[in-house]
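Engineer: Turn this into a model:
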Amino acid sequence: MAIIPPIAVVTYESLSMKMYSIKIALKQIAVLFLSASIGVFFFLTVNNWLIVSVADLLFMYLMLKLFKMHVPAVYAFPFLAFILPKEVISVLPFAALGMSIFSFGIILIYRQYADKMISKISDLK
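Structural biologist: This is a model prediction of the structure:
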């Protein structure tokens with residue numbers, strides 16, 4: 001349940017994009033999965049929370065620059081490890097991956113369907 005808010009934010013932003021392609025969807029899925037994975041990795045391997053926090057922020061910034069994207073919700077994922085029970089922390093990246101694939105896949109399907117409907121309406125005029 002904790003993964004829903006960050007993904008919902010990116011989903012909402014994606015719905016309002018004029019152009020949404022599979023390339024954008026794959027990049028969004030990758031950065032969300034990687035942000036959760038990096039956050040879990042640092043949380044489980046480094047004992048100092050301050051160092052974990054600084055490293056998470058730095059790596060999220062560098063990852064977004066590498067992917068040439070602007071996805072502020074990426075900064076939320078690493079910190080979910082601080083509030084989730086220890087038993088579910090290791091599942092967080094895979095839950096984020098599954099939810100991202102589902103959400104952005106639905107958006108891709110919707111956008112293709114909506115674009116076809118708009119073109120049909122335009123042809124009728």
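Engineer: which stretches of the chain have low pLDDT?
Structural biologist: 1-3, 120, 123-125 (pLDDT under 70).
Engineer: If we use 90, what do you get?
Structural biologist: Within the chain, the stretches with pLDDT under 90 are 1-9, 12-13, 15-20, 73, 76-78, 80-82, 84-88, 110-125.
Engineer: so where do the helices sit in it?
Structural biologist: Assigned by DSSP state H, the chain shows helices spanning 4-15, 22-45, 49-67, 77-83, 86-89, 92-124.
Engineer: Pull the contacting residues for residue 25.
Structural biologist: Going by Cβ atoms under 8 Å, 6 or more residues apart in numbering, residue 25 touches 14, 104, 105, 107, 108. C-beta: built from backbone N, CA, C; applies to glycine.
Engineer: again but with residue 63, I slipped
Structural biologist: Neighbours of residue 63 in contact, by Cβ under 8 Å, 6+ apart: 31, 34, 35, 38, 74.
Engineer: 6 Å instead, please
Structural biologist: residue 34 (Cβ atoms under 6 Å, 6 or more residues apart in numbering).
Engineer: residue nearest the centroid of this structure?
Structural biologist: residue 32 (3.1 Å; Cα atoms, centre = their mean).
Engineer: nearest spatial neighbour of that one, skipping sequence neighbours?
Structural biologist: residue 100 (4.8 Å; Cβ to Cβ, 6 or more residues apart in numbering).
Engineer: Brilliant, that's me finished.
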